[in-house]
Structures are given as C-alpha cells and as structure tokens.
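K.L.:
Fold the stuff below for me.
(one chain, ligands or ions: 1)
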Amino acid sequence: MQNFKGRTAVVTGGGSGIGRAMSLAFASEGMNVAIADIDIAAAEGVRDELLALGVRSIAAHCNVASREEVDALADAVFGEFGAVHVLCNNAGVVRYGPLKSTTPADWEWVNGVNLQSVIYGVQAFLPRMREQGEGGHIVNTSSIAGLSYLAGENIGSYVATKYAVVGISEDLHRELEKEGIGVSVLCPGGVQTRILDAGRNRPAALGGPIAPPPRGQDPTGEHAPQTSLDPAVVARMVVAAIRSNQLYIVTHPETRVMVAERFEAIMAAFDALEKG
Ligand SMILES: NC(=O)c1ccc[n+]([C@@H]2O[C@H](COP(=O)([O-])OP(=O)(O)OC[C@H]3O[C@@H](n4cnc5c(N)ncnc54)[C@H](O)[C@@H]3O)[C@@H](O)[C@H]2O)c1
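P.N.:
Residues are numbered from 1 along each chain as shown. This next block holds a predicted model:
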C-alpha cells in the first residue's frame with residue numbers, strides 16, 4: 001500500500017506502547033485512526049493526542065478476546081469512516097511462568113488476547129476490506145518469540161500463540177497477494193512499553209489483575225533480547241513494511257542468532273533423516 005493520506009487505520013491495543021506509536025505514525029501519514037483497547041481511558045488518551053494534532057480519530061472499548069466485541073468494533077469503525085485500509089491486530093499479553101504450571105485460565109487469557117483476537121480481527125474486517133476494493137494492509141503483531149522459543153524462558157503460552165500468529169500471517173500474505181491487500185507480521189525484540197505489566201488488564205472472569213514481576217528481575221531468562229527500542233522506531237518500521245508489503249518485520253539484529261539456532265536444529269533433523 002503506497003497511499004496513506006485520507007485512509008483509515010484501526011489499531012487494537014492502541015492505548016499503549018507499540019499500538020499507541022503505530023497510531024501516531026499513521027496519523028503523521030495523514031490517516032484517520034480508530035484506537036481500540038480494553039482500557040478505554042488509555043484509548044481515549046491517545047485519541048485526544050490525535051485530535052489535538054487535527055487527526056480524525058475515535059476510541060473504542062474492545063476486548064479483542066471476544067468475537068462479539070471485535071465484530072462490534074468493525075461495525076463502529078466502518079460506520080464512522082466508511083472504509084478500513086490498515087488493520088493492526090496488535091493487542092497482546094504475556095503470562096510469565098513455566099508451561100507445567102500454566103493454568104486453564106492463563107491459557108484462556110493469553111490465547112484469547114494474542115491468537116483468537118487475530119482470527120476475530122481478520123474475520124470481522126477482511127470481508128469488508130475486500131469488498132471495498134481499495135486495497136489495504138493487515139499487520140499482525142507477533143514477537144521475536146513467535147520466530148524462536150529461544151527468545152525467552154518462562155513464556156511458553158506466549159510463544160505458542162505468537163508462533164500461531166506468524167503462521168496465520170504467512171498464509172494470509174500468500175492468499176491475499178493478488179487482491180492488493182498486503183500482510184505483515186511484526187516480530188519485535190524488546191520495546192519500551194508496559195508489556196511487563198500486561199496483567200494489569202486481565203479480566204476478572206480469568207482471575208483479575210496480576211502484579212508485574214519485581215523491578216530488575218527478568219522473568220524471561222538470559223536469552224531475552226537486551227536492547228529496548230523506542231516504540232516510535234518500531235512504528236516507523238511498520239509504516240515502511242506496509243509500503244513495501246514486507247511480510248516479516250524484525251527489529252533487533254541481535255535476535256537473528258535465536259532464529260538461526262532454531263532452524264539449524266530443524267535442518268539437523270533433516271540431515272539425520274537423509275543419513276538414515
Ligand atoms: N514490548 C515488547 O518488548 C514486545 C516485544 C514483542 C512483541 N510485543 C507485542 O506487542 C504488542 C503490543 O504490546 P506492548 O508491548 O505495546 O504492550 P502494552 O502493554 O504497552 O500495550 C498493550 C495494549 O493492549 C491492551 N490490551 C490488553 N488486553 C487487551 C484485550 N483483551 N483487548 C484489547 N486490548 C487489550 C492493553 O490495555 C494495552 O493498551 C503485543 O502483542 C505484544 O505481545 C511486545
């Protein structure tokens with residue numbers, strides 16, 4: 001997608017961190033922006049920042065783990081702007097802890113916000129994006145942990161959902177290639193956001209808020225990416241990737257080794273197979 005001006009973007013998890021930064025970046029390209037978040041006050045805060053810049057913007061409360069709420073979001077955004085050109089399925093949460101002690105409620109929370117949300121987003125928005133016939137782009141936020149489990153320890157449920165987001169994006173990229181709708185999957189390493197405190201917005205039905213890990217304690221172990229990027233830098237990478245319809249968006253050169261190590265182990269299995 002080359003032309004951003006006057007077009008419309010919708011960003012889930014737009015009230016904070018990477019979602020807020022993408023919203024600001026789209027606004028600076030002249031787009032209208034719909035900000036959806038489970039934290040309506042945060043979404044309204046970003047909407048107000050955009051309105052102050054003279055950008056057409058709305059804030060919507062939406063729990064992306066609910067198909068009904070994502071459908072209602074699509075109705076609200078198409079109702080307000082008439083079309084959607086960029087869909088960012090970005091909201092995400094992490095639950096720290098080994099898989100052996102991950103509870104059914106933990107799985108439901110992480111799976112709902114990180115994976116089901118992407119499915120719901122695509123199902124609610126894509127048919128109308130195709131129908132409008134103006135092209136567009138979908139950005140799904142995964143993680144470097146969606147390309148290699150070596151990116152962090154004690155985040156097994158996160159890794160599982162983020163791998164799946166990569167798979168959906170790869171397939172969708174191929175499927176939509178001829179329709180003028182691009183697809184990218186954002187796979188960042190560390191970014192300065194509130195993700196460590198993701199438990200602040202865990203719904204009561206799934207156990208309610210969880211306190212963040214103690215300051216200075218890295219729950220993901222020594223393999224976690226070391227550099228923490230400004231989300232604005234990541235947002236600029238996203239805009240560039242939309243322009244070039246680049247499938248994978250990686251952000252940290254030092255995370256390359258983790259991906260290589262995983263694929264080398266898979267290739268070694270093929271080598272062993274060929275040797276008999
Ligand atoms: N920050 C990092 O280092 C990093 C690295 C890799 C991937 N990511 C991914 O980036 C995405 C954005 O996270 P962030 O780092 O900006 O964190 P953040 O916590 O600053 O922002 C996440 C936003 O998602 C919202 N949210 C949480 N649950 C929701 C729900 N059920 N429905 C709707 N909104 C919900 C939160 O209210 C918040 O505004 C996530 O998918 C995350 O997994 C982050």
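
K.L.:
How many neighbouring residues does the residue lying closest to Leu53 once chain neighbours are set aside have?
P.N.:
Nearest residue to Leu53, sequence neighbours excluded (CB to CB, 6 or more residues apart in numbering): Ala27, at 6.0 Å. From N, CA and C alone the C-beta is placed, and that goes for glycine too. The tally of other residues near Ala27 (other CB atoms under 10 Å) stands at 22.

K.L.:
and Ala25, how far is that from the ligand?
P.N.:
Using CB to the nearest ligand atom, to the nearest Å, Ala25 is found at 13 Å from the ligand.

K.L.:
Local confidence estimate at that residue?
P.N.:
We have a pLDDT of 98 for Ala25.

K.L.:
And the one 3 residues further on, by the same measure?
P.N.:
Predicted confidence (pLDDT) for Ser28: 98.

K.L.:
Phi first, then psi, for it.
P.N.:
Here is the backbone geometry of Ser28 (degrees, to the nearest 10): phi -70, psi -10.

K.L.:
how about the residues of the stretch 51-200 of the chain near the ligand?
P.N.:
Contact residues, the stretch 51-200 of the chain versus the ligand (CB under 6 Å from any ligand atom): 62-65, 90-93, 113, 141, 143, 188, 190-191, 193-195, 198.

K.L.:
change it to 5 Å
P.N.:
Residues of the stretch 51-200 of the chain that fall close to the ligand, judged by CB under 5 Å from any ligand atom: 63-65, 91-92, 113, 141, 143, 188, 190-191, 193-195.

K.L.:
Of these, which belong to strands?
P.N.:
Those of those mapping onto strands are Thr141, per DSSP state E.

K.L.:
Which positions within the host helix or strand of Leu176 qualify as buried?
P.N.:
Following DSSP states H and E, one finds Leu176 within helix 156-176. Residues of helix 156-176 classed as buried by neighbour count (16 or more other CB atoms under 10 Å): 156-166, 168-169, 172-173, 176.
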